[in-house]
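Peer 1: sequence plus predicted model, see below.
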Amino acid sequence: MAALPAQEAAAAGLAPLRVDPALLGEAPRGAPRTPAAPAPIQPAEPPALRAATVPKPVAAPRPAAPAPRSVPGSATETPAPAPPARRPANAPIATPAAKPSPPAQGLLPEPVPPGVTQLSASKLGGTTDKVTEAEGEVRLWRDDSAIAADRLRYLHDEDTVEASGNVTITQKHDVVSGPEMRLRLTDRVGHIDQPRYSIQRAARGTQAGRPVTASGTADRLEFRGEDRYRLANATYSTCGPDRPDWVLAVRDLDLDFEKEVGTARGAKVVFKDVPLFYAPWMDFALNNRRKTGILPPTLGNSSRTGIDVSLPFYWNIAPNLDATIAPRIMTRRGAQLGGEFRYLEPTYVGAAQIEWLPNDNVTDRRRSFYSWQHAQSLAPGLSGTINVAGVSDDTYFSDLSTHIAVTSQRNLLRQGSLSYEGEGWNSAVYVQRYQTLQDPSLPRIEVPYDRLPWITLNAWGTGPRRAALGFTSELVNFRRAGQTEGQRVVAYPQVSLPMSTAAAYVTPKIGLNFSRYQLTGQPAGTPAQLTRTLPIASVDSGLNFERDTDWDGHAVTQTLEPRLFYLYVPFRDQSLYPVFDTAEADFNFTQIFSENTFVGKDRIADANHVTAALSSRLINAASGADVIRAMVGQRFYFRTPTVTLPGVAPPGRRSSDLLAAASGRITPALSVEAAWQYNPQENRNERFNLSGRYLPEFGRVLNASYRYQSGVVREIDTSAQWPLGGRWSGVGRYNYSFQDNRLVEAIGGLEYDGGCWVLRTVLHRFATATQTANTALFVQLELNGLSRIGSNPLALLKRSISGYGRINQPVADPVFGAP
C-alpha cells in the first residue's frame, strides 16, 4: 500500500490515510494487480477525534473501478470483484426491490489496531482534513463494528459516518439495516431510518442464562451508546424475521443489553395475528436476571376454587432482597392476597410467606397461611435456624391449593434451633412444636409431642490402636396436653475397632445405652422415675471377591460380597415406659444392619441374632458404574425378640422376612429396579416393588411402577412424555390404588413446540386429604424470551414425570434467575 501524502500527515502529528492503489485503478510498478483492499483511517485519540490527513480528490477520466486481476487459465485479464466476505447467518433481509450491499463483515487484509477505522470502496474521494467520501460496495470497520452501504461520508472532526443506500451495520452480533444512517463512532450514538434488526447475544459467562435471539422492524432506531437501543413504532420477536408467529408491537422500545432489560411503552402482544393483551408499560428480562415489574398473569380452573386468576408483582429491592406480591381472584372463594419476602446476607438467609383471604365465599370465614424460614451463622461454629408455618384451619390446603404435595400435608413444623460445631463434637438446642391438621372425613391422627426443649450433645474421636470413639446424648422435655408428659435423658458411649484389607473387614463394637425418665401425668401404677441401662455389642464383617469378565461385549468386574452382622442386646422389660416419639422402623436393607428395630429412644429391642446378606455387582471397567446390582439378606434369631410397642405382639419366630433387591441398566436407555420382602413362615409376599424407566433421549421418557404392601398398598403408577408427531408431545401420569379402589392422581396434557413459543395444556386430577378429588386445568402459552401467559404446569410436570424435559429454552424468571 502507498501512503498519500505522508509529509502532510506527519506535520499534523496524525497517521496517514492509507489507500490501496488498486482503488485508484492503478498498481505499483512491477507489482501484480490485486483486488481492492480496505483502506485504514487512523484517527487521533477519542473523544475529540481529529481527522487523519486525506489527499485531495484524485481526478480520473472515468469512475474508478476495482483493479483487474489475472484469472488462472485465461490468456486475458478480466476485472475481479472485491474479495468475498462471510455473511452472518442472522443478517436481515434487505429492503425489497433494492439491491443489497455486500456484507459488512469479512477478512481484513491485516490485523487492525483498536480504534483504527478501515475503509474499502469502489471509489474514494474527499476533502483534506474534513471529509472522506466513498461510493460503490462500501465497507467500513472500527473495532467490533462494521458498516456496508452504497454511499458513505466520514466526517473527520465529528468521527461520524453518514451512510445511505442499503445500509447494514453489524455491532458484535447485532445486525441493523435500513436506507439511511448517521452514527458517531466514538460513543456509538446516532440513528438509522426504517430499520430491520436482528440480535444474537450469547449468555454471559457469569450467569446460567440463555442466549438472546430477536428480530423486528421500526420506523426509527436510535443508537444510544454501547449495547443500548431505542426504537420507535417497533416490533420485537424471538421468532424468525419472516412472518413471526408472535410479535410485541410497541410505540417505544428500549433495549439495554448492559442491564439486560427491555422496556416497552404502549405495548401489545399479538399471537397468530390475534391480540392477546395490551399494556401501557411493561418490561422484560433479556436474560435470567431479576428485575422489578409485573410478572405474567396465571390463569387456571379448579373444581374447588373455580376460575383462578393471579397477577404477581415482583419487587427487586436490592441484589440481596426481593419480594413478590400476588393478588388472586377465585370465582368460588373470593379475593386473596399473597406475598413472599426473601433476603440473603453473608451470615444469614431466609424467606417469609403469607396468604390472606378475608372471607371465603364457601365457608364464610377468614382464612390465612404463614411461614418463615431463617438460617443464620452467629459466630464461627455457631448457627441458628427458625422454621415456622401455620394455617387458619384444617382444610386450608385441600380447599385452596392445586398441588397434591401441599394438600397432603398433615403436620406443620414450628421449630427454632441453636447449634454449635466444634472440633470432634457438636451440640444443639431445639424448640419444636407442630400444628396438626385433622381431616374430618378420616380417622383422627395422633398429635406429635412438643419438645420444649430438645438438647443434643455428640462427640467422636480416635483412641488407641485407631479405635473409633463415639458418644451421643440428648435431653428432651415432652409436652402434650392431657397425656403423659416428662423429661427423657439418653446417653450412649461407644467404641469400635475397624480392621480391614482389600478383601475383608471386621468391625467389633461395644456400647452402653443409658436412659432416664422423669414423668408426670402417667397412668396409675407407673413410677414417676424410670431408669434403663443396656449394653450393646455387635460385630460387622464382610468379604469381597472380584473377577474380570465380559458382559455384552464390554469388560466388567464381577463382585461377590458376603456380609455377616451379629448383634447382642439383653432383654429389659420396657412395658411401663411411655412412647413419646417411637415407632417400629421400616424393614429394609439399611435397617437390617442397624442396632435397633425401633425409631426413637423409648424402646430398645432385645437382640441375639445374626444378619446374613450376599450381594453381587457387575461394574463397568471403563466408567466404574454399576451395570447390575443384586442383594439378598435375612436375619436369624438365636433368641426371639420380645420388646414391643403397646398393643403389638412379639414376632415369635426364629427368622425375619427375606429381603431381595436388584437393579440394573439393561440398555443405555432402559433401567429396572425391583425389591421383594417375603414371609417364609406364612408363605406370603409382604412387599413387592417393581419399577422401570425408558429414557432414550431428551424429551422422551416412559416410567412405570407397581407397589404392593400386604393389606396396605396395591397401586400402579405410570407416567410419560413422548413426541406424538410433528411438533406435538404428550405428557401424562396415571396413579391408581387398587387397595382403595380410587384414583390417586391423573395427569393428561399436550405440548406444542412452535419454535419460538410453546403451548401447554394439562388436566390434573388428584385425591385430597378430605377423601374428595380436585380437578385443575392448566393452559400456558410461553413466548420464548418474553413471558409466560396462563397457569404454569411446569412444576407439576417435573414432580410427576420423572425425567421430564423442557422442550424449549427457559424464559427469564426474575426469582433468583430460576427457570
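Peer 2: On my side now, so go ahead. Numbers count the residues shown, from 1 in each chain.
Peer 1: and the helix or strand Gly262 falls within, what other elements does it pack with?
Peer 2: Gly262 belongs to strand 261-271 when assigned by DSSP states H and E. If contacts are counted by 3 or more CB pairs under 8 Å, 6 or more residues apart in numbering; DSSP states H and E, strand 261-271 sits against strand 246-256, strand 274-285, strand 773-783. For glycine as for every other residue, the C-beta is placed from the backbone atoms N, C-alpha and C.
Peer 1: identify each buried residue in that strand, please.
Peer 2: By 16 or more other CB atoms under 10 Å, the buried positions in strand 261-271 come out as Val261, Gly262, Thr263, Ala264, Ala267, Val269, Val270, Phe271.
Peer 1: of the residues you listed, the lowest pLDDT goes to which?
Peer 2: Across the buried residues of strand 261-271, no position has a lower pLDDT than Val261, which has 86.
Peer 1: shouldn't it be in contact with Asp283?
Peer 2: Yes. Val261 is in contact with Asp283 according to CB atoms under 8 Å; the separation is 5.7 Å.
Peer 1: that older thread, from the buried residues of strand 261-271, which is closest to Asp252?
Peer 2: The nearest member of the buried residues of strand 261-271 to Asp252, counting by CB to CB, is Ala264 at 7.3 Å.
Peer 1: beta partners for the closest residue to the closest one other than its chain neighbours?
Peer 2: Take Ala264 and drop its neighbours on the chain: the residue closest to it by CB to CB, 6 or more residues apart in numbering is Val250, 4.2 Å away. Beta bridges link Val250 to Ala234, Ala267 when assigned by DSSP bridges.
Peer 1: count of neighbours near Val250?
Peer 2: Residues lying near Val250 (other CB atoms under 10 Å) number 25.
Peer 1: report the contact partners of it.
Peer 2: Shown in contact with Val250 (CB atoms under 8 Å, 6 or more residues apart in numbering): Leu231, Asn233, Ala234, Thr235, Tyr236, Ala264, Arg265, Gly266, Ala267, Lys268.
Peer 1: quick check: neighbours shared by Val261 and Asp283?
Peer 2: What both Val261 and Asp283 touch, as defined by CB under 8 Å, 6+ apart, is the set Lys291.
Peer 1: so Asp399 sits in a strand?
Peer 2: No. Per DSSP: H, G, I helix; E, B strand; the rest coil, Asp399 lies outside any strand segment and is helix.
Peer 1: that one and Ser303 touch, don't they?
Peer 2: No. Applying CB under 8 Å as the test, Asp399 and Ser303 come out as separate, 10.8 Å apart.
Peer 1: with neighbour numbers in mind, choose between these two.
Peer 2: Set Asp399 next to Ser303 and count neighbours by other CB under 10 Å: Asp399 wins out with 23 against 14.
Peer 1: how close does the more buried one sit to Leu530?
Peer 2: 44 Å (CB to CB, to the nearest Å).
Peer 1: likewise for Ser377?
Peer 2: 39 Å.
Peer 1: settle it for me: which of these two has more neighbours?
Peer 2: Leu530 (18 against 14).
Peer 1: that one contacts Asp573, correct?
Peer 2: No. Taking contacts as CB under 8 Å, Leu530 lies outside contact range of Asp573: 10.8 Å.
Peer 1: the helices in this structure, which residues?
Peer 2: If DSSP state H is used as the criterion, the helices of the chain fall at 6-12, 396-400, 404-407, 794-800.
Peer 1: worst mean pLDDT among those helices?
Peer 2: Here the lowest mean pLDDT among the helices of the chain goes to helix 6-12, at a mean of 34.
Peer 1: ok, residues contacting stretch 392-399?
Peer 2: 304-305, 333, 360, 362-363, 365-369, 391, 406-407, 409, 437-440, 768-770, 772, 774.
Peer 1: buried set for that stretch?
Peer 2: Buried residues in stretch 392-399, counted by 16+ other CB under 10 Å: Ser392, Asp394, Thr395, Tyr396, Phe397, Ser398, Asp399.
Peer 1: cool, stretch 366-374 as well?
Peer 2: Under the neighbour-count criterion of 16+ other CB under 10 Å, stretch 366-374 has Arg367, Phe369, Ser371, Trp372, His374 buried.
Peer 1: now, those that are in strands?
Peer 2: Arg367, Phe369, Ser371, Trp372, His374 (DSSP state E).
Peer 1: circling back to that earlier point, the buried residues of stretch 392-399: which two are farthest apart?
Peer 2: Using CB to CB, the buried residues of stretch 392-399 reach their maximum pairwise distance at Ser392 and Ser398, which is 13.1 Å.
Peer 1: circling back to that earlier point, and the buried residues of strand 261-271 as CSV, adding distance to Thr590?
Peer 2: Formatted as CSV, the buried residues of strand 261-271 follow (distance: CB to CB, whole Å):
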residue, distance to Thr590
Val261, 51
Gly262, 53
Thr263, 56
Ala264, 56
Ala267, 57
Val269, 54
Val270, 58
Phe271, 53
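Peer 1: domain parsing for the protein?
Peer 2: 1-188, 195-288, 290-409, 692-819 (automatic domain parsing).
Peer 1: residue contacts, Ala318?
Peer 2: Ala318 neighbours (CB under 8 Å, 6+ apart): none.
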